[in-house]
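[1] can you look at this prediction? I've put the sequence above it.
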Amino acid sequence: MSEFANIQELEKRLWSAADELRANTGLTSQEYSRPVLGLIFLRYAEYRFELAKERLEAKKGSSRRRKGGNALKTAIQAEGAMYVPEAALFSNLLKLPEDTDLGKAVNDAMKALEAENEAIKDALPKTYTVFANPILAWFSPEMTDTLLRVDNPFLRGETCPEGNIPTSINKKPYC
């Protein structure tokens, strides 16, 4: 499937999800956009965290002892990523049993991520209990990964034509 077809499919799924959110939650698009972006952010934080861990392992070599606790957290943050505790891993949320209250689990994940990263303390949404499990389950890794890749050089880590890489969320993410 071509990249254009993937984007068209993503667009259809996003509109379908937006329709479902409006119909089944009673929320307006302004009310559900922040929690949806929060889920995407949680997935992106894990993605960056995993990349940083891989870089650290490559630097140290596989034969050396792994860092633990605060040393790992400091090293991850030095790599430009957030430290993501087990409780906040998006991939762990996907492995929860079907009867789990996903809204509470996502709220707890957001709190755990904030607890480990002072820069985002009290910044993430924690209103996921208003969503039914089937709505939250829609945000699969494939969907969030696709959202992370769609025409955004900042999120893909690509350079702009000038050769600059935006390094802060506060800077304009597009070239």
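    All right, it came through fine. Numbering: from 1, shown residues only.

[2] and stretch 18-25, how far from the chain's centre?
    Computed by Cα atoms, centre = their mean, to the nearest Å, the chain-centroid distance of stretch 18-25 equals 22 Å.

[3] and it, what's its mean pLDDT?
    For stretch 18-25, the mean pLDDT works out to 76.

[4] show the subsequent helix or strand relative to the helix or strand hosting Ile40.
    Assessed by DSSP states H and E, Ile40 sits inside helix 29-60. Going down the chain from helix 29-60, the next helix or strand is helix 69-78, by DSSP H and E.

[5] which residues of this structure score low on pLDDT?
    Within the chain, the stretches with pLDDT under 70 are 1-4, 62-69, 135, 137-175.

[6] if we go to 80?
    When residues are selected by pLDDT under 80, those of the chain lie in 1-11, 13-22, 24-27, 29-32, 61-69, 131-175.

[7] spatially central residue for it, please.
    Geometric centre of the chain, nearest residue: Arg43, 2.1 Å, by Cα atoms, centre = their mean.

[8] so how far is Thr74 from it?
    Arg43 is 23 Å from Thr74, where distance means Cβ to Cβ, to the nearest Å. All C-beta atoms are positioned from the backbone trio N, CA, C, and that covers glycine.

[9] just Leu102 next, same as before
    Going from Leu102 to Thr74 by Cβ to Cβ gives 32 Å.

[10] buried residues of stretch 70-79, list them for me.
    The neighbour-count check on stretch 70-79 (16 or more other Cβ atoms under 10 Å) flags Lys73, Ala75, Ile76, Gln77, Glu79 as buried.

[11] got it, and stretch 114-134?
    Neighbour-count burial for stretch 114-134 flags Glu114, Glu116, Asn117, Leu124, Pro125, Lys126, Thr127, Tyr128, Phe131 (criterion: 16+ other Cβ under 10 Å).

[12] for the fifth one, list the residues it contacts.
    This points to Pro125. By Cβ atoms under 8 Å, 6 or more residues apart in numbering, the contact set of Pro125 is Arg34, Pro35, Leu37, Gly38, Met110.
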